[in-house]
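K.L.:
with the sequence up front, the predicted model follows.
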Amino acid sequence: MSETNTAAAAGNTQIGNRWVIAIMGTLLQVCLGTVYAWSYFQKPIMSTYGWNNSQVAWIFSLAICFLGIAAAWGGINLPKFGPTKLAATGGALYGLGYILSMVAMKMHSLPMFYAAYGIIGGIGLGLGYVTPVATAAKWFPDKKGFITGMVVMGFGLGALVMSKVFAPNLMKACDGNLPQVFLYIGIIMMVLAATAGLFMRNPPQGYIPAGWTPPSATAEQQAAKDSMTAKDCICSNRFLLIWLFFFANITAGIMFIGFQSPMIQSLVKATGKYADLDPEAAKTALAGIGATLIAVSSLFNGVGRFFWGGLSDKVGRVKTFRLILGSQILVFIALLFVKSPLIFGILVCYVLLCYGGGFGTAPSTVLTIFGSRLMPVVYGTLLTAWSAAGIAGPQIAAVIKDNFAEKASLYTFSAGAVILTTGLLLTFFVSDERFKKKA
């Protein structure tokens, strides 16, 4: 039997297993994606402990920062440690971050909160995030766009699970006791995420799915691919430009992820809708509206990863990023004039659709331009843009809100429009052409 036929036979015996891996990878991403419901806890933590917007936002910013750093490290070291160890460790660390945050809140220690949720939890997020994306792509060379979209969609839907299932029910069961809520969430995340991570493993050597024929490559093309290194790709101008416009898209979207709940609550409160209720009832009603926006926008975040990723298969990767960035500029300008909570919510959902679209398109962009062999390292390094944006986006919004409260919306949306415009301009210096090492 030839090598190709042997690999195909292996594919036939493993075909059921690869779908289990894809499903468990998606479940792992759903658990990790609960970080996107941070705005649910932003106001309760501020009011309970007396910290301001910027101080509390740093907890979320650090988590996203270390997510990107750990994802880059994980992509580089994935071949050394294997997907099972990295994914399970990532899930366990994320849960541990919540548990240690409980201790931080009991001690009223903001620095410990930063270390627990921001650093430890963030490292867990990064190790857990990069592993199922890279691993699932190896199991599905015949469905790369679909399967990477499916897996990263799970991360986008995590906020829905947190804001509508875990957080409100635990807040009610614990009578608003935040340390206790974080303890229970940590235990749940540790069990679910670490267990899902144990299912991650690489396909057999030479694995080919049944019924799929890999595209042929000329000897010259194969030689060029084999001589390319990750350093060649990462140090190229092409990678830098992709990193920058990816950063621009994340920064704009993450402004809303961290503050969408307080923003819509402020708009609703300004309408006087709950003025006749007692303060505690009004607070509960407003929190419910904020949680609903988190849940609905998370659906758009998840769907956007499929929608824009699928569109990129038809119109191209870079053109898709141009559409994502360009359309959002119009949305951010429109937000400058919006007073209606309903219209605000609709526009936020579109921003999150585009935000998720960036993550849905990024893996296929790396595959198209830099190839699959170096994908874990190059894609993991690209996610450092997420780290930088995780600091920039929430902090821009928080500092403006703390220092320019009356004009916070004007300054925040203007900053977002400028960032998106810069990202859009950068896309015109990049194409989908395969990257080649210069002689």
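P.N.:
Yep, that arrived.

K.L.:
who's in contact with residue 236?
P.N.:
Residues counted as contacts of residue 236 (C-beta atoms under 8 Å, 6 or more residues apart in numbering) are residue 435. Bear in mind the C-beta positions are built from the backbone N, C-alpha and C, glycine included.

K.L.:
also the one 3 residues further on?
P.N.:
The neighbourhood of residue 239, defined by C-beta under 8 Å, 6+ apart, consists of 233, 370, 378, 381, 382.

K.L.:
from the residues you listed, pick the one nearest residue 185.
P.N.:
Nearest to residue 185, judged by C-beta to C-beta, of the contacts of residue 239 is residue 382 at 29.2 Å.

K.L.:
burial of that closest one, as a residue count?
P.N.:
Using other C-beta atoms under 10 Å, residue 382 has 25 neighbouring residues.

K.L.:
over to residue 371?
P.N.:
Using other C-beta under 10 Å, residue 371 has 16 neighbouring residues.

K.L.:
now it, what are its backbone angles?
P.N.:
phi 90, psi 170 (degrees, to the nearest 10).

K.L.:
measure it to residue 435 for me?
P.N.:
Counting by C-beta to C-beta, to the nearest Å, the separation of residue 371 from residue 435 is 8 Å.

K.L.:
residue 154 is in contact with residue 24, isn't it?
P.N.:
No - using C-beta atoms under 8 Å, residue 154 makes no contact with residue 24, being 10.1 Å away.

K.L.:
more crowded one of the two?
P.N.:
Shown here are residue 154 and residue 24; by other C-beta under 10 Å, residue 154 has more neighbours (23 against 20).

K.L.:
mean confidence score for the strand or helix carrying that one?
P.N.:
Assigned by DSSP states H and E, residue 154 falls within helix 144-161. Averaged over helix 144-161, pLDDT sits at 83.

K.L.:
also stretch 265-279?
P.N.:
84.

K.L.:
got the CA positions of it in PDB?
P.N.:
Extracted C-alpha coordinates of stretch 265-279, given in PDB (Å, rounded to 0.1, in the frame of the first residue of the first chain):
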ATOM      1  CA  GLN A 265     -27.400  51.500  31.200                       C
ATOM      2  CA  SER A 266     -26.400  55.200  31.100                       C
ATOM      3  CA  LEU A 267     -28.500  55.800  28.000                       C
ATOM      4  CA  VAL A 268     -31.500  54.000  29.400                       C
ATOM      5  CA  LYS A 269     -31.200  55.900  32.700                       C
ATOM      6  CA  ALA A 270     -31.100  59.200  30.800                       C
ATOM      7  CA  THR A 271     -34.500  58.500  29.300                       C
ATOM      8  CA  GLY A 272     -36.000  58.400  32.700                       C
ATOM      9  CA  LYS A 273     -37.500  55.000  32.100                       C
ATOM     10  CA  TYR A 274     -37.000  53.600  35.600                       C
ATOM     11  CA  ALA A 275     -37.200  56.900  37.500                       C
ATOM     12  CA  ASP A 276     -40.400  55.800  39.300                       C
ATOM     13  CA  LEU A 277     -38.800  52.600  40.700                       C
ATOM     14  CA  ASP A 278     -36.900  52.500  44.000                       C
ATOM     15  CA  PRO A 279     -33.100  52.600  43.500                       C
END
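
K.L.:
which residues does that stretch contact?
P.N.:
43, 281, 282, 285, 286, 287, 289, 290, 339, 340, 341, 344.

K.L.:
least trustworthy helix or strand in this structure by mean pLDDT?
P.N.:
helix 219-227 (a mean of 57; mean pLDDT, DSSP states H and E).

K.L.:
chain center to the helix or strand following that one, what's the gap?
P.N.:
Toward the C-terminus, helix 219-227 is succeeded by helix 230-234 as the next helix or strand (DSSP H and E). Taking C-alpha atoms, centre = their mean, to the nearest Å, the mean C-alpha location of helix 230-234 is offset from the chain mean by 23 Å.

K.L.:
so where's the stretch 101-250 of the chain shaky on pLDDT?
P.N.:
Scanning the stretch 101-250 of the chain for pLDDT under 70 picks out 145, 216-226.

K.L.:
and if we set it to 80?
P.N.:
143-146, 148-149, 214-227 (pLDDT under 80).

K.L.:
dump the helix or strand following the helix holding residue 154 to CSV, keeping only the CA atoms.
P.N.:
Counting by DSSP H and E, the next helix or strand C-terminal to helix 144-161 is helix 167-173. Output of helix 167-173 as CSV, limited to C-alpha atoms (Å, rounded to 0.1, in the frame of the first residue of the first chain):
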residue,chain,number,x,y,z
ALA,A,167,-23.4,35.2,36.2
PRO,A,168,-27.1,36.1,36.8
ASN,A,169,-28.0,32.8,38.4
LEU,A,170,-24.9,32.7,40.6
MET,A,171,-25.4,36.4,41.6
LYS,A,172,-29.0,35.5,42.6
ALA,A,173,-28.0,32.3,44.4
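
K.L.:
what comes up buried for helix 167-173?
P.N.:
With burial defined by 16 or more other C-beta atoms under 10 Å, the residues of helix 167-173 counted as buried are 167, 168, 170, 171.

K.L.:
again with stretch 422-434
P.N.:
Going by neighbour count (16+ other C-beta under 10 Å), the buried part of stretch 422-434 is 423, 424, 426, 427, 430.

K.L.:
one step back: now the contacts of stretch 265-279: which count as buried?
P.N.:
Buried among the contacts of stretch 265-279 by 16+ other C-beta under 10 Å: 43, 282, 285, 286, 287, 289, 290, 341, 344.

K.L.:
redo those as JSON lines? Include distance to residue 361.
P.N.:
Formatted as JSON lines, the buried ones among the contacts of stretch 265-279 follow (distance: C-beta to C-beta, whole Å):
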{"residue": "43", "distance to residue 361": "33"}
{"residue": "282", "distance to residue 361": "41"}
{"residue": "285", "distance to residue 361": "38"}
{"residue": "286", "distance to residue 361": "35"}
{"residue": "287", "distance to residue 361": "34"}
{"residue": "289", "distance to residue 361": "31"}
{"residue": "290", "distance to residue 361": "29"}
{"residue": "341", "distance to residue 361": "30"}
{"residue": "344", "distance to residue 361": "26"}
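
K.L.:
which one of these sits closest to residue 256?
P.N.:
residue 344 (10.0 Å).

K.L.:
residue 153 versus residue 363, what's the distance?
P.N.:
From residue 363 to residue 153 the distance is 12 Å (C-beta to C-beta).

K.L.:
repeat for residue 49
P.N.:
34 Å.

K.L.:
in terms of neighbours, single out the busier of the two.
P.N.:
Neighbour comparison, residue 49 and residue 153: the larger count goes to residue 153, with 25 against 16 (by other C-beta under 10 Å).
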